[in-house]
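# Take a look and give me a structure for this.
(chains A, B, C and D)
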There are 2 protein chains.
Amino acid sequence: MDVKTLCLGLLTQGAASGYDLKKRFETCFKSFYSAGYGSIYPALAYLADTDLVTCEEISQDGRPDRKVYRITDKGRDYFTEALASHQPAHKMRSEFLAMIFFAEFIPPDRLNKLIDERAEELQQILKELEAMSDTLAKHPDSGVEFVAGFGQTITRAALDYMQQYRHLLTKETSAQRQAS
Amino acid sequence: MDVKTLCLGLLTQGAASGYDLKKRFETCFKSFYSAGYGSIYPALAYLADTDLVTCEEISQDGRPDRKVYRITDKGRDYFTEALASHQPAHKMRSEFLAMIFFAEFIPPDRLNKLIDERAEELQQILKELEAMSDTLAKHPDSGVEFVAGFGQTITRAALDYMQQYRHLLTKETSAQRQAS
DNA sequence: AGCGCCATGTAAGTGGTTACATGATTGT
DNA sequence: ACAATCATGTAACCACTTACATGGCGCT
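Predicted coordinates for the structure are as follows:
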C-alpha cells in the first residue's frame, strides 16, 4: 500500500485536490501513516495518467488554481482489487523506543525531556483521533470507527505506561552512582 | 537514528558479527525497528572505515569466516553524542490499519483473515517481548526493561481491542445488505 | 510588516529493500 | 534428500523526504 493507492482510497470519500488530500492524510491517518506533497502530487499525476482518476482544473480569483481529482470506475475497481489481494506490511521505526532502549547512556534530564516530548505528541494524536470519532455521528463507517477506536486505545495505553513507569529510567544507575 | 547508529548501540552490549547483529535487531527491536543484511553489512563497513569499530577476522573450520566487530572508545563517544543530540522521529506505516480504514470495501471473509493474521503477528511479538523480560533477571537494564514493558503493554492493548471490536467490521454494511 | 494559509510542482538526495552470488554443515 | 543455519557481501532498485521555486490573500 503505497501513497498512490491510499490517495485513490481517500478519493473514494469524495473529490479533492492534492492540497486537500494532504489534510485528509493528516486527519485520517496521522497515527499510523504519513505522506508529504512530494509523494502526493506525483502520485496524483500518475493516477491521472493511468485513468484511475480524472482531473478538473479550476481557476479561482485571488487564490492559486486548483486541480480537483475524482476517482473513476476503473480506479474504484483497482482500489478494491488492491485491498483484496495486497498483504499488509507493518513497518514501524520508532527512534524514540530505540533511544530509550539505551537509556543507561542518557542523562536523566535528557530522558525526561524525551519522554515529555513524546507524551505531548501522543496527546496531540489523541485529540485528533477523538475529533475523528466525533465526525462518525454524521458519517458512520465501520472501518473508520474501528481504526479511530484502535488508535485511541493504543495511544492511551502508551501514555499511561509512560507516566507509570518513567521512574524506572530516571532512577540512578550503578554507573551513575559510581560517577557521583 | 539510522541502522549505522543502532549497530553501534548494539555493539555496546558486546562484540558481534553482522550475522549476530541481525539476530540482536530481531530479538531486541522486533516490535519497533527492523534491519536487513543489506543495511547492516554496509553499515559495519562504514563504521570500521571511520574507526568507530574495529574488525577482527576469524577463520572457522567447516563454517564461513566471521568478522567480529568491537566498538572503540571513539565509537562509544560518538554513540553517546548521537543519543544526546538527535531528535527522535517516529515513523510508522501500518498498511494493516490503512486497509482496515477502508473496511467497507473489503468482504467479511477477507477482513477476518486480515485480523487473524495481524493478531498472530502480535502474539509472536508478545512472546519475544516476554522472553526479553526474562533475560532481565540476569542482566538488569532500565532502558531494556522500560522498552520491553512498553511493547508488552501496547501489544496486549492492541490484541484486546481487536478481539473486542472486530465484530464492528464484519457486521453487514448497508451496501452489502442492499446487494444481498 | 510579517506570518500563515492557500496551491502546485520538480529535482536531488537518502536510506533501506530485494535479488543475486556462494557454499559447507547440521539436523530431519 | 532436503531444509535450515551459518556467513558475507554487492548492485540495482524503490519509495519517500527535503529543499527549492513561485506568489497572492487575509489577519494581527
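# use CA for all of it now, contacts and neighbours both
Noted.
# domains for chain A, by residue range?
Here the domain assignment for chain A is A:3-85, A:95-175, based on automatic domain parsing.
# Using a markdown table, please lay out those together with mean pLDDT.
Formatted as a markdown table, the domains of chain A follow (pLDDT from 0 to 100):
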| stretch | mean pLDDT |
| --- | --- |
| domain A:3-85 | 94 |
| domain A:95-175 | 93 |
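# I'd like these laid out as TSV, including distance to B:Val68.
Formatted as TSV, the domains of chain A follow (distance: least, C-alpha to C-alpha, whole Å):
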stretch	distance to B:Val68
domain A:3-85	37
domain A:95-175	22
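# Can you say which of these is nearest to B:Thr12?
Closest to B:Thr12 of those is domain A:95-175 (C-alpha to C-alpha; 9.4 Å).
# Are the closest one and DNA strand C in contact anywhere?
No: against DNA strand C, domain A:95-175 shows no contacts by C-alpha under 7 Å from any atom of the strand, the least distance being 10.2 Å.
# And the strands in chain A?
For chain A, applying DSSP state E gives strands covering A:53-58, A:66-71, A:90-94.
# among the ones you listed, which is the most enclosed?
Mean neighbour count, computed with mean count of other C-alpha atoms under 10 Å in any protein chain shown, is highest for strand A:66-71 among these, reaching a mean of 20.
# just checking, what packs against that strand?
Other helices and strands packing on strand A:66-71, by 3 or more C-alpha pairs under 8 Å, 6 or more residues apart in numbering or on different chains; DSSP states H and E, are helix A:3-11, strand A:53-58.
# Could you name the helices and strands sitting against the shortest one?
This points to strand A:53-58. With contacts taken as 3+ C-alpha pairs under 8 Å, 6+ apart, strand A:53-58 sits against helix A:37-49, strand A:66-71.
# re the thing from before, and the helices and strands packed on strand A:66-71 as a markdown table, adding distance to DNA strand C?
Conversion of these to a markdown table gives the following (distance: least, C-alpha to the nearest atom of the strand, whole Å):
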| stretch | distance to DNA strand C |
| --- | --- |
| helix A:3-11 | 13 |
| strand A:53-58 | 8 |
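# Reformat the ones you listed into TSV and put distance to B:Lys23 next to each item.
Below are the helices and strands packed on strand A:66-71 laid out as TSV (distance: least, C-alpha to C-alpha, whole Å):
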stretch	distance to B:Lys23
helix A:3-11	31
strand A:53-58	44
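# Nearest to DNA strand D among the ones you listed would be which one?
For the helices and strands packed on strand A:66-71, the distance to DNA strand D is smallest for helix A:3-11, at 4.3 Å, taking C-alpha to the nearest atom of the strand.
# I'd like to know how many residues surround A:Lys113.
Using other C-alpha atoms under 10 Å in any protein chain shown, A:Lys113 has 11 neighbouring residues.
# next one: the one 5 residues further on
The number of residues packed around A:Arg118, counting by other C-alpha under 10 Å, is 19.
# on that earlier part again, for the helices and strands packed on strand A:53-58, which one sits closest to DNA strand D?
Taking C-alpha to the nearest atom of the strand, helix A:37-49 is the member of the helices and strands packed on strand A:53-58 nearest to DNA strand D, at 3.6 Å.
# what's the closest one packed up against?
helix A:3-11, helix A:18-29, strand A:53-58.
# Can you give me the buried ones in it?
A:40-41, A:43-45, A:47-48 (16 or more other C-alpha atoms under 10 Å in any protein chain shown).
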